[in-house]
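Kindly generate the corresponding structure for this input.
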Amino acid sequence: MINARRRRFGAYLARLRRDARKSQRQLAEMLCQVSGTASVTRHEVSRRERGERVPDVWLSAPAKARALYLDRVAWAHTKAGNASSAMRTLSEAHEVMATEGSQEAPDWAYWVSSEELDVMDARVYTELRRPLRAVPLLKEVLSRYDPTHTRELALYLSWLAVALADANEPEEAASTAGRLLHLTADFPSDRTAKRGRFVLAKLEPYREVPEVREVLDMHTV
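Residues are numbered from 1 along each chain as shown. Okay, the predicted model is just below:
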């Protein structure tokens, strides 16, 4: 029974790779980049696709853990420019979360929820420049997000500003950027500072719009 489940897992991994039109070596390189390690090789991918050396814990992973794994795969597809594979994998992550039962999730996955998957979806859609999908999701998330979580709120605002710019809504993008930059002025964070600079660069083509020019003049040295 366990061996059959390992083979099914291997077949699933192979299908994800083929959908992305990647070789085993390319998938190994992508997984190394996403995980920040150099331990995944082509041979390791090949063995796992055959159902070999698949840890038992992967076969019985709780829904939250599997959904998080699928989200990481979707993000790897996104960074590789595989839009259709990324969106299909996001859909699979939501399907997995919908099957969540009583099985206890690991401590490190405590934060994974359907709402957090919406945030992940929005990040992917923003990166893929699909603003018609990203903007409604981000607005819904921000409407109910705890404002005391300043760092996360700033990141979500940065994605919304970028998505609005991609949607050719410079006035609203400028308003969102202003809110983001006001928020990040009160606390130091390299990541949010970097996102702020990215948002300002995204607004630059709209400098002739008064609302955009005001934000750029206030925050660009």
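
Quick check: next helix or strand after the helix or strand of the chain at the bottom of the mean pLDDT ranking?
Lowest on mean pLDDT, DSSP states H and E among the helices and strands of the chain sits helix 56-59, with a mean of 58. Per DSSP states H and E, the first helix or strand lying C-terminal to helix 56-59 is helix 63-79.

For the helix or strand that that following helix is followed by, list every residue counted as buried.
The helix or strand immediately downstream of helix 63-79 is helix 83-98, counting by DSSP H and E. If you call a residue buried by 16 or more other CB atoms under 10 Å, then helix 83-98 has these buried ones: 83, 85-90, 92-94, 96-97. Placement of C-beta: from N, CA and C, glycine included.

other SSEs contacting the next helix or strand after helix 83-98?
Proceeding N to C from helix 83-98, the next assigned helix or strand is helix 114-127, under DSSP H and E. Packed against helix 114-127 by the contact rule (3 or more CB pairs under 8 Å, 6 or more residues apart in numbering; DSSP states H and E) you find helix 63-79, helix 83-98, helix 131-143, helix 150-166.

now helix 114-127: mean pLDDT?
Here helix 114-127 scores 88 as its mean pLDDT.

Helix 150-166 and that helix, what's the angle between them?
Computed by axes from the mean of the first three to the mean of the last three CA atoms, to 10 degrees, the angle separating helix 114-127 from helix 150-166 equals 40 degrees.

circling back to that earlier point, dump the buried residues of helix 83-98 into CSV; add pLDDT and distance to K139 as well.
Formatted as CSV, the buried residues of helix 83-98 follow (pLDDT from 0 to 100; distance: CB to CB, whole Å):
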residue, pLDDT, distance to K139
A83, 90, 22
S85, 87, 26
A86, 89, 21
M87, 89, 19
R88, 88, 24
T89, 88, 24
L90, 89, 18
E92, 86, 25
A93, 85, 21
H94, 86, 19
V96, 79, 25
M97, 80, 21
